[in-house]
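Visitor: got a predicted structure plus its sequence, pasted below:
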Amino acid sequence: MNAVKNRKVLVVEDSRLIHKMYEVMLRPTTLVSAFNGREGLDKLAESQDVDFIILDINMPKMTGLEFLAQVKANPALAKIPVIIVSTEGKEEDVARGLRDGAVAYLRKPFQREDLLKIVGRIESKQSAA
Amino acid sequence: MATLRRAQQLVSDAQAAIEEVSRVVGQGSGAGPAGGAEARLAAAEIERQELVSRLAEVEHQVGRLMTLYVATYQLHATLDPVEVQSTIAEIALNLIGAEQFVLLLLDEEDKGYEVRLVHSAPETPWAQGTRYTGGDPMVDAALADGGLRFGPNEQSPALAVLPLRVQDLTVGALVILKLLSHKPALVKEDHDLLDLLGAHAASAVFASRVYSKTARKLRTLEGLIRLVNKG
């Protein structure tokens, strides 16, 4: 069940509480933390070797969807899988996130098992590739 | 953390039990008559399914404990009253799934309750001002006796009123008025989280206020001492 091992994950999220949650739930993964989309792009510029990105939508300075658009427009970053985890849970929000290039959309509040299932799917695909 | 370690131990035990069943099935299928082996195999399969289901339940419990641990950790990670308020709001939004809520806190003179945080602009009239002067019978009752209440009812639109209580002092209340559109109702896990929040948010609010008052007094005293020394 604990699928995440020796991985590097970028977390773009404005809540310190949720950063702590990922730290506990995804242990022993290495987390790179950013608190808005702008900072997320800066962190990606410093290290592009992240295995996947966990992204919130509602953030100051640059929203998650704006961040996602910039990542997908950059050929060097476009292949990094992005999981959106957000309180925006309407069907149209989910559809938009997936249409814009996210591989999965998880609504907050979320269960640890659901996050680990998504991470497991991403890792299986990456191993098969 | 001891509870988390205990939960991880339970997961390990369940995994060891699955391995033991697989080993027994491996030994059993080669020995004895074919009919007996099939029966044992069927029994082992049932046991395996039970263990898998138990393992899933244990994993779920581990996730719940992690949520409770993180909420507690974050509430006590700061002595800044504004950060404590913001953590309470983050828990309400991200972990409980509240879309509209109001945080009432006792004022500095302990004379009444202030409306300290309003999320998603509820239309409730009493949440429009800066002080709570009464008006919602469920909120009034929760503040008076310190008991958690669930609604809505004829007198109040609130889904839950959670008093923040430390010792015998109600330092405030979190009033949940609406959940996120994809969250149909508060569930058992939310009740656990509300219980935890009621106690830990109260002590975090209380501690941060005491610390900030003390720090203010200390700064004043230091200023006076500097003034005296100059004179």
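Guide: Done, it's in. Residues are numbered from 1 along each chain as shown, chains lettered A, B, ... in the order given.
Visitor: show me the beta-bridge partners of the spatially most central residue of chain A.
Guide: For chain A, the residue nearest the mean C-alpha position is residue A:54 (1.3 Å; CA atoms, centre = their mean). Per DSSP bridges, the residues bridged to residue A:54 are residue A:11, residue A:83.
Visitor: hang on, it packs against residue A:7?
Guide: No: Residue A:54 lies out of contact with residue A:7 (CB atoms under 8 Å); the separation is 11.4 Å. The C-beta positions use only the backbone N, C-alpha and C, and glycine is treated the same way.
Visitor: just list the residues touching residue 122, thanks.
Guide: As the question left the chain open, I've gone with chain A. A:51-52, A:81, A:83, A:103-104 (CB atoms under 8 Å, 6 or more residues apart in numbering or on different chains).
Visitor: the chain in question should be chain B.
Guide: Going by CB under 8 Å, 6+ apart, residue B:122 touches B:100-102, B:177-178.
Visitor: need these in JSON lines (columns: neighbour count and pLDDT).
Guide: Output for the contacts of residue B:122, formatted as JSON lines (neighbours: other CB atoms under 10 Å in any protein chain shown; pLDDT from 0 to 100):
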{"residue": "B:100", "neighbour count": "22", "pLDDT": "96"}
{"residue": "B:101", "neighbour count": "26", "pLDDT": "96"}
{"residue": "B:102", "neighbour count": "25", "pLDDT": "96"}
{"residue": "B:177", "neighbour count": "25", "pLDDT": "96"}
{"residue": "B:178", "neighbour count": "17", "pLDDT": "96"}
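Visitor: among the residues you listed, which are in reach of chain A?
Guide: Among the contacts of residue B:122, proximity to chain A is found for none (CB under 8 Å from any CB of the partner chain).
Visitor: for the buried ones among the contacts of residue A:122, write the corresponding ChimeraX selection.
Guide: To isolate the buried ones among those in ChimeraX, judged by 16 or more other CB atoms under 10 Å in any protein chain shown, type:
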select /A:51,52,81,83,103,104
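Visitor: beta partners for residue B:176?
Guide: residue B:101, residue B:160.
Visitor: just to check, it is in contact with residue B:96?
Guide: Yes: in terms of CB under 8 Å, residue B:176 counts as a neighbour of residue B:96; the distance is 7.1 Å.
Visitor: report the set of residues contacting both of those two.
Guide: In contact with both residue B:176 and residue B:96: residue B:186, using CB under 8 Å, 6+ apart.
Visitor: now for the residue nearest to the centre of chain A: which residues touch it?
Guide: A:9-13, A:22, A:82-83, A:85.
Visitor: what's the answer for residue B:171, then?
Guide: Contact analysis of residue B:171 by CB under 8 Å, 6+ apart lists B:105-106, B:164-165, B:202, B:205-206.
Visitor: low-confidence stretches in chain A?
Guide: Along chain A, the parts satisfying pLDDT under 70 run over A:1-5.
Visitor: the domain parsing of chain B - what is it?
Guide: Using automatic domain parsing, the domain ranges for chain B come out as B:2-72, B:81-217.
Visitor: least confident of the ones you listed, on average?
Guide: Sorting the domains of chain B by mean pLDDT places domain B:2-72 lowest, at a mean of 80.
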